[in-house]
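In: Any chance you could fold what I've pasted below:
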Amino acid sequence: MTGSSFRYLFKEGFRNTWTNRMMSIASICVLMSCLVLMGCASMIFLNIDSLLGRIESENVVMVFVEDKATDEDLHDMEKSLNNIANIHEVVFVPKEEAYKAQLATMDEAARTFFTEIDSEIPLPNAFKVTVDDLSQFDSTIKSIKQIDHIETIRENKDLAKKLVTIRKGIEVIAVVIVLVLFAISVFIISNTIKLTVYSRRLEISIMKSVGATNGFVRMPFVVEGMILGTISGILSTVLVGVFYEFAINQFSDLILSLGLEAVSFKDYALIMLAAFVAIGILTGVGGSIITMSRYLNKEGSEISGV
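Out: Reported below is the predicted structural model:
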């Protein structure tokens, strides 16, 4: 295909989009609806994922140290903990600091009682360990238990398992929703292109009769699908941003009262724009190719019977 032919076919694609603008607008609106639903669902899942991340970061493992451990032993323990692959953070908690924090939670009478009854601090030194990947929680705990001078370990295994299950469930739901909406979008674009092919069946029949290749006939429809997909992707990103900011403003008081923090749309706007445009183009081009392939296997005037 020569450069002039390529330019001609691209112009034809743009011309077809404008000539069939009512169908193009209908396609854009329907595809936008699917993309906006994808975007809103994605923002909901991102906020849930952020909340799970906060809960996971607070699901720490407390490693209590034997009283007989020396400063050198504490240094070696901290080094050993940091060397475990799945450990995200290790924070040493001196017993003096832990004791002060414990006393701060008591009323005046209880603080006086505990400070007068015993001058020694009844708590051990400890390490506050944050696990990186909760799916490897059990193996990480086993690795921690192999370190010397550990008295006890306090961990919440059940909560870790529940968080892993919830995260996997959310991922499955997100993938299913995206795939269903993508399939709907391809179906709608395919039917839109089908109507366009039907309205131009005589023209396509003549082109095939004079020897036009399948690629030559298909290209304007592919370009049309790319245009519809690109416009839908851009407009959908804007709409998702507007809807998301509106929802956050409406529920801001509730979010603050629960001590939560909403994910910023600006952090994901460019990623969502790129994804939406890519999905829109893929859907538009895919719908065009699927529809055209049903007709271009026929020769010449046979297409006129479509």
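In: Only the buried residues of stretch 232-244, if you could.
Out: 232-237, 239-241, 244 (16 or more other CB atoms under 10 Å). All C-beta spots, glycine's among them, are computed from the backbone N, C-alpha and C.
In: Kindly report the same for stretch 245-262.
Out: 248, 262.
In: Would you mind checking which of the buried residues of stretch 232-244 is nearest to Phe137?
Out: Relative to Phe137, the closest of the buried residues of stretch 232-244 is Tyr244; by CB to CB it sits at 33.0 Å.
In: quick one on the thing from earlier: could you redo the buried residues of stretch 232-244 as JSON lines and give each row pLDDT?
Out: Formatted as JSON lines, these follow (pLDDT from 0 to 100):
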{"residue": "Ser232", "pLDDT": "85"}
{"residue": "Gly233", "pLDDT": "87"}
{"residue": "Ile234", "pLDDT": "91"}
{"residue": "Leu235", "pLDDT": "92"}
{"residue": "Ser236", "pLDDT": "91"}
{"residue": "Thr237", "pLDDT": "92"}
{"residue": "Leu239", "pLDDT": "93"}
{"residue": "Val240", "pLDDT": "92"}
{"residue": "Gly241", "pLDDT": "91"}
{"residue": "Tyr244", "pLDDT": "89"}
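In: For Glu151, give its distance to Phe127.
Out: For Glu151, the distance to Phe127 (CB to CB, to the nearest Å) stands at 11 Å.
In: so what sits against both of those two?
Out: Common neighbours of Glu151 and Phe127, counting by CB atoms under 8 Å, 6 or more residues apart in numbering, are Val65.
In: quick one, which of those two is more surrounded?
Out: Neighbours were counted for Glu151 and for Phe127 using other CB atoms under 10 Å; Phe127 has more, 24 against 14.
In: So which elements touch the helix or strand harbouring Ser205?
Out: Element membership for Ser205 (DSSP states H and E) is helix 201-209. In terms of contacts (3 or more CB pairs under 8 Å, 6 or more residues apart in numbering; DSSP states H and E), helix 201-209 is packed against helix 214-250.
In: list the helices and strands the helix it packs on packs on?
Out: Against helix 214-250 (3+ CB pairs under 8 Å, 6+ apart) you get helix 3-19, helix 21-58, helix 157-199, helix 201-209, helix 266-293.
In: and if we set it to 6 Å?
Out: Packed against helix 214-250 by the contact rule (3 or more CB pairs under 6 Å, 6 or more residues apart in numbering; DSSP states H and E) you find helix 3-19, helix 21-58, helix 266-293.
In: what's the spacing between Val63 and Ala126?
Out: For Val63, the distance to Ala126 equals 6 Å [CB to CB].
In: which of the two has more neighbours?
Out: Using other CB under 10 Å as the criterion, Val63 and Ala126 rank with Val63 on top: 28 against 21.
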